[in-house]
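Colleague: this one's structure only:
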């Protein structure tokens, strides 16, 4: 890792693993008798990577990666996983048991996909963690790391980074550039009627909401350009042939709005209230 950063000094942050609470990316999630395994192992990896990176590249930020979903069922037929809240709790327990006197992350990387692309960014959930569950996410992190050497997001320079969010779109205008068949029944139009959520309005609301959440430091739309297979992900602001979608300009405008600190959080809250958030 350090040698890679030596070679590419422009790298400012490193994401350690991907969605470590899912068996799709991290195995085992549980031991043979159903005991939790992944959070402790991930805590150890974070510590090792943190020390290796910081020893030679102290300015590079180290980031976690957690899925918004999980089932806490070691015998599930598919997607054996930890729910994000349970994973955070057990990660904190492992950190405390280690008696470590240094951090293991500089930013909490949380993926925040909703239940569907039509779901508003501020929707709240019982177990999953989306953008609307920001207060609950902060509560989990405070319980897990409060009073330790790992600052809770919002303290010092530590922030929450929404590493992946996105809203899949229809591709009718460019269908010839895509293969296979669409598997998502809840895609939105790149740009549609004002009364319906489309990618432009969903992305604009999501970026503004992230800006208005004080402990959040970053929002990433996944992807930049669509995957060419419709069984993949079509949440880019560019079609698979790299031409802009109608939502591209809206995304560009809201990024400029954030960079110039022109987001009106009171107006956003009024919109959320009006739409039933």
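Modeller: Cool, got the structure. Note that the structure is a prediction, hence the values are computed from the model and not measured. Numbers count the residues shown, from 1 in each chain.
Colleague: what strand or helix carries residue 208?
Modeller: Take DSSP states H and E as the rule and residue 208 turns out to sit in helix 199-211.
Colleague: counting by contacts, list what that helix packs against.
Modeller: Judged by 3 or more CB pairs under 8 Å, 6 or more residues apart in numbering; DSSP states H and E, helix 199-211 is in contact with strand 216-221, helix 248-259, helix 265-274. Placement of C-beta: from N, CA and C, glycine included.
Colleague: what's the angle from that helix to helix 248-259?
Modeller: For helix 199-211 against helix 248-259, the angle by axes from the mean of the first three to the mean of the last three CA atoms, to 10 degrees is 10 degrees.
Colleague: so what touches helix 199-211?
Modeller: 117, 120-122, 131, 162, 165, 167, 169, 188-191, 194, 216, 218-219, 221, 235, 237, 245-247, 250-251, 253-255, 257-258, 263, 265, 268, 271 (CB atoms under 8 Å, 6 or more residues apart in numbering).
Colleague: quick check on these: which are buried?
Modeller: Buried residues within the contacts of helix 199-211, counting neighbours by 16 or more other CB atoms under 10 Å: 117, 120-122, 131, 162, 165, 167, 169, 188-191, 216, 219, 221, 235, 237, 245-247, 250-251, 254, 257, 263, 268, 271.
Colleague: check which helix or strand covers residue 110.
Modeller: Using DSSP H and E, residue 110 sits within strand 107-111.
Colleague: list the contacts of that strand.
Modeller: Taking CB under 8 Å, 6+ apart as the rule, strand 107-111 contacts 13, 15, 19, 61-68, 84, 129, 137, 141, 153, 158-165, 217-218.
Colleague: right, and the helix or strand after that strand?
Modeller: Scanning forward in sequence from strand 107-111 by DSSP H and E, the next helix or strand is helix 134-145.
Colleague: now stretch 124-133: buried residues?
Modeller: Across stretch 124-133, burial judged by 16+ other CB under 10 Å covers 128, 129, 130, 131, 132, 133.
Colleague: farthest pair in those residues?
Modeller: Within these, 128 and 131 form the most distant pair, 11.0 Å apart (CB to CB).
Colleague: ok so, going back, the helix holding residue 208 to helix 134-145, inter-axis angle?
Modeller: Computed by the same axes, to 10 degrees, the angle between helix 199-211 and helix 134-145 is 40 degrees.
Colleague: residue 65: how many residues sit nearby?
Modeller: By other CB atoms under 10 Å, the residues close to residue 65 number 22.
Colleague: could you measure from it over to residue 256?
Modeller: 28 Å (CB to CB, to the nearest Å).
Colleague: could you do residue 77 as well?
Modeller: Applying CB to CB to residue 77 and residue 256 gives a distance of 46 Å.
Colleague: the more surrounded of the two?
Modeller: residue 256 (10 against 6).
Colleague: possible to save the helices and strands packed on helix 199-211 as a markdown table with distance to residue 176 and mean pLDDT?
Modeller: Output for those, formatted as a markdown table (distance: least, CB to CB, whole Å; pLDDT from 0 to 100):
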| stretch | distance to residue 176 | mean pLDDT |
| --- | --- | --- |
| strand 216-221 | 24 | 98 |
| helix 248-259 | 20 | 98 |
| helix 265-274 | 37 | 95 |
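Colleague: residue 24 is nearest to which of the ones you listed?
Modeller: Nearest to residue 24 among those is strand 216-221 (19.6 Å), distances taken as CB to CB.
Colleague: any idea how the protein splits into domains?
Modeller: Taking automatic domain parsing as the criterion, the chain consists of the domains 1-165, 175-216+223-277.
Colleague: which residue lies nearest the spatial centre of the protein?
Modeller: For the chain, the residue nearest the mean C-alpha position is residue 111 (1.9 Å; CA atoms, centre = their mean).
Colleague: please name the bridge partners of that one.
Modeller: Residues in a beta bridge with residue 111, per DSSP bridges, are residue 164.
Colleague: how close does it get to residue 181?
Modeller: 25 Å.
Colleague: what's the angle between the strand holding residue 110 and strand 216-221?
Modeller: Using the same axes, to 10 degrees: strand 107-111 against strand 216-221 is 40 degrees.
Colleague: roughly how far out does strand 107-111 sit from the chain middle?
Modeller: Taking CA atoms, centre = their mean, to the nearest Å, the mean C-alpha location of strand 107-111 is offset from the chain mean by 6 Å.
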